[in-house]
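Colleague: Okay, here's the prediction I keep looking at, along with the sequence it came from:
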Amino acid sequence: MFIDFLKKIFDEAANNKALIWRDASFTYRQLLERLEYWQDYLKNENIAPGDAVTLEADFSPNAVAALLALIEHGCIVIPLTTPSQEKRKEFSKIAMRTAMIRLDSADNAAILHFDCKSDHKLYRVLRNIGHPGLVLFSSGSTGKSKAVVHDFSRLLVKYKIRRHNLRTLSFLLFDHIAGIDTLFYSLSNGSCLITADNRAPDTICHAIEKFRVEVLPVSPTFLNLLILSEAYNCHDLSSLKYITYGTEVMSEMTLKKCAKIFPGVTILQKYGTSEVGTLRSKSKSSDSAWVRIGGEGYQTRIIDGILQIKADSAMLGYLNAESPFTDDGWFVTGDMVEVDGDYMRILGRESEIINVGGQKVFPAEVENVIEQMPNITEAVVYGEKNPLVGQIVCARVTPGKTESLDELAIIIKSYCRRFLENYKVPVKISIAENNQHTDRFKKVRKNP
């Protein structure tokens with residue numbers, strides 16, 4: 001019922017490759033067979049429509065088939081890929097799961113049932129209308145993760161319009177709105193989705209070369225690491241047609257370098273949130289941060305410099321937070337933007353702005369300058385409270401080679417003064433001891 005349109009596409013593309021996982025290919029006919037198996041499995045395991053089920057997996061054949069079966073069965077699906085046991089317990093408790101399906105590294109399934117009172121007003125909405133649900137957790141890079149509840153049937157509507165058949169790499173995670181978008185875009189066009197063993201630059205480049213990947217959906221942080229690694233020089237990436245990026249503000253320097261390295265590739269900025277889904281977009285050019293967003297089922301407006309979105313596919317609400325919608329139904333994204341005609345440029349999250357004596361500092365602007373320095377591989381800028389000016393600008397950097405902190409701080413401040421107003425120059429500089437991005441390749445701006 002809910003995925004009949006996908007089943008029709010699977011039938012049409014029965015002999016085509018649907019998925020490449022662990023270097024093995026699986027056709028759409030095999031995916032259909034797996035789907036039928038999982039539909040029987042759910043019934044035999046007494047999974048009922050409306051049950052809240054965690055699906056701990058990645059983009060394996062059984063994971064995709066199980067996800068589709070849970071949707072068709074009318075369940076509320078909570079996909080999880082976090083490696084943290086503590087986070088999995090936290091998310092499962094918030095989502096009030098009644099069952100868990102876990103797929104191991106060999107794609108074998110295990111299921112557990114829980115005696116949990118899975119009752120929430122948003123779940124009751126889904127159960128009353130008999131629709132499947134989707135629960136996603138915000139990244140929580142600057143605060144507590146929020147549990148987003150969707151009517152899955154509304155998210156699926158846009159995939160009923162056929163678009164382009166392109167071999168796509170599944171870089172973005174199984175439990176992220178962009179990863180869900182990648183999966184269903186691929187399935188709804190009878191395309192092949194390619195998985196990689198890990199998300200290291202060399203591994204990704206190897207997969208692109210081996211399987212002739214045409215679309216690479218990644219984050220700006222990953223593109224920066226790819227450029228620094230120079231892994232692109234060691235592999236044939238001529239099959240690439242599109243590189244899409246999103247999830248965080250793109251450094252202008254990284255974008256220009258990327259456009260120069262991949263001159264024949266269209267580099268496209270994507271925009272979406274866990275709360276409203278992924279919008280259609282068009283960048284002004286491959287080396288431009290200006291983008292036009294919208295598409296069928298979406299409206300946008302700017303209020304006080306903040307982007308707001310009204311979407312047919314908007315979430316029902318949060319399980320553990322108040323509604324972020326205005327009285328007239330607009331989602332307040334928290335992203336500050338500049339506007340130029342039909343195009344906009346995303347400056348950064350309102351919550352991340354550093355207020356220095358009444359002057360606004362956008363972390364991405366300062367990071368863009370610091371990351372141009374030859375010995376800096378990554379920079380994260382954040383604010384710290386100060387009794388005199390409210391906040392000061394702080395930078396945590398990852399140097400390419402060992403330098404003393406005192407010497408490095410002097411060099412960074414001197415360099416920043418050449419390109420930035422004095423109030424934007426970092427007052428405090430530290431050297432990062434670990435990676436400055438999450439497993440989703442998104443910068444973490446938490447003040448340590």
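Modeller: Nice, thanks for sending it over.
Colleague: Domain ranges for the protein, per the record?
Modeller: The chain resolves into domains spanning 4-156, 353-431 when parsed by automatic domain parsing.
Colleague: Residue 299 is nearest to which of those?
Modeller: Ranking the domains of the chain by distance to residue 299, with CB to CB as the measure, places domain 4-156 first at 15.4 Å. Just so you know, the C-beta spots here come from the backbone N, C-alpha and C atoms, and that holds for glycine as well.
Colleague: mean confidence score for that closest one?
Modeller: Domain 4-156 comes out with an average pLDDT of 93.
Colleague: so how far is the first residue of that domain from its last?
Modeller: The stretch domain 4-156 measures 11 Å between its terminal residues, going by CA to CA, to the nearest Å.
Colleague: what does stretch 8-26 give?
Modeller: For stretch 8-26, the first-to-last residue distance is 17 Å (CA to CA).
Colleague: and if you look at stretch 252-268?
Modeller: Start to finish, the residues bounding stretch 252-268 are 13 Å apart (CA to CA).
Colleague: Look up phi and psi at the residue nearest the centre of the chain.
Modeller: Computing the C-alpha centroid of the chain and ranking residues by CA atoms, centre = their mean puts residue 178 first, at 4.4 Å. With angles defined as degrees, to the nearest 10, residue 178 shows backbone torsions of phi -70, psi -30.
Colleague: Now render the domains of the chain as CSV, adding mean neighbour count.
Modeller: Supplementary listing: the domains of the chain in CSV, determined by neighbours: other CB atoms under 10 Å:
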stretch, mean neighbour count
domain 4-156, 18
domain 353-431, 17
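Colleague: Out of those domains, which is closest to residue 332?
Modeller: For residue 332, the closest of those is domain 4-156, at 13.5 Å, according to CB to CB.
Colleague: next one: the closest one to chain centre, how far?
Modeller: 17 Å (CA atoms, centre = their mean, to the nearest Å).
Colleague: Give the closest residue to the residue nearest to the centre of the chain in space, chain neighbours not counted.
Modeller: Nearest residue to residue 178, sequence neighbours excluded (CB to CB, 6 or more residues apart in numbering): residue 172, at 4.3 Å.
Colleague: Contact partners for that neighbour?
Modeller: Contacts for residue 172 (CB atoms under 8 Å, 6 or more residues apart in numbering) come out as 178, 179, 182, 217, 218, 219, 247, 440.
Colleague: Can you classify it by secondary structure?
Modeller: Per DSSP: H, G, I helix; E, B strand; the rest coil, the local secondary structure of residue 172 is coil.
Colleague: in terms of contact, does residue 417 touch residue 425 like I think?
Modeller: Yes: using CB atoms under 8 Å, residue 417 and residue 425 qualify as a contacting pair, with a distance of 5.6 Å.
Colleague: Next, the buried residues of stretch 188-200.
Modeller: By 16 or more other CB atoms under 10 Å, the buried positions in stretch 188-200 come out as 188, 189, 190, 191, 192, 193, 194, 195, 196, 199.
Colleague: Quick check: the fifth one vs residue 166, distance?
Modeller: Spelled out, that is residue 192. For residue 192, the distance to residue 166 equals 9 Å [CB to CB, to the nearest Å].
Colleague: Which pLDDT value belongs to the residue nearest to residue 178?
Modeller: What the model reports as pLDDT for residue 172 is 88.
Colleague: one step back: include distance to residue 252 when you put the domains of the chain into JSON lines, please.
Modeller: Converted to JSON lines, these look like this (distance: least, CB to CB, whole Å):
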{"stretch": "domain 4-156", "distance to residue 252": "21"}
{"stretch": "domain 353-431", "distance to residue 252": "5"}
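Colleague: To residue 270, which of the ones you listed lies closest?
Modeller: Between residue 270 and the domains of the chain, the shortest gap by CB to CB is with domain 4-156, which sits at 15.6 Å.
Colleague: what does the longest helix that the chain contains contact?
Modeller: What stands out as the longest helix in the chain, according to DSSP state H, is helix 28-44. Applying CB under 8 Å, 6+ apart, the contact partners of helix 28-44 are 7, 9-11, 13-16, 18-19, 61-62, 64-66, 68-70, 72-73, 75, 109, 190.
Colleague: Name only those of the contacts of residue 172 that count as buried.
Modeller: The buried subset of the contacts of residue 172 (16+ other CB under 10 Å) comprises 178, 179, 182, 217, 218, 219, 247, 440.
Colleague: Narrow those residues to those in helices?
Modeller: Per DSSP H, the buried ones among the contacts of residue 172 map to helices at 178, 179, 182.
Colleague: Quick check: the gap between the residue nearest to residue 184 when sequence neighbours are not counted and residue 299.
Modeller: Counting by CB to CB, 6+ apart, residue 159 is the residue found nearest to residue 184 once chain neighbours are left out, at 4.8 Å. If you measure residue 159 against residue 299 using CB to CB, the figure is 20 Å.
Colleague: Also residue 308?
Modeller: In this structure, residue 308 and residue 299 are separated by 9 Å, where distance is defined by CB to CB.
Colleague: Ok, residue 281 next?
Modeller: In terms of CB to CB, residue 281 sits 15 Å off from residue 299.
Colleague: Which one's more surrounded, these two?
Modeller: Neighbour totals were compared for residue 281 and residue 299, and residue 281 leads with 17 against 12 (other CB atoms under 10 Å).
Colleague: any idea how far residue 14 is from that one?
Modeller: Per CB to CB, residue 281 is found 32 Å from residue 14.
Colleague: mind pulling up the phi and psi values for residue 58?
Modeller: phi -130, psi -160.
Colleague: ignore the last one, residue 325
Modeller: Given degrees, to the nearest 10, the pair of backbone angles that residue 325 has is phi -90, psi 150.
Colleague: so who does it touch?
Modeller: 314, 331, 332.
Colleague: Dig out what it forms beta bridges with.
Modeller: Under DSSP bridges, the beta-bridge partners of residue 325 are residue 331.
Colleague: Okay, and which of the contacts of helix 28-44 map to strands?
Modeller: Cross-referencing those with the strands (criterion: DSSP state E) gives 18, 19, 109 as the overlap.
Colleague: Please name the bridge partners of the last one.
Modeller: What it means is residue 109. residue 103.
Colleague: Now that it has come up, it's in contact with residue 102, right?
Modeller: Yes: Residue 109 is within contact range of residue 102, at 7.2 Å (criterion: CB under 8 Å).
Colleague: any weak-confidence spans in the stretch 251-400 of the chain?
Modeller: Along the stretch 251-400 of the chain, no part satisfies pLDDT under 70.
Colleague: Could I get the full set of helices for it?
Modeller: Using DSSP state H, counting those that start in this stretch, the helices found in the stretch 251-400 of the chain span residues 252-261, 363-370.
Colleague: Indicate which one of those helices is closest to residue 327.
Modeller: Of all those, it is helix 363-370 that lies closest to residue 327, at 31.3 Å by CB to CB.
Colleague: The closest one - contacts with which helices or strands?
Modeller: Using 3 or more CB pairs under 8 Å, 6 or more residues apart in numbering; DSSP states H and E as the contact criterion, the elements in contact with helix 363-370 are strand 343-349, strand 376-386, strand 390-399, helix 405-417.
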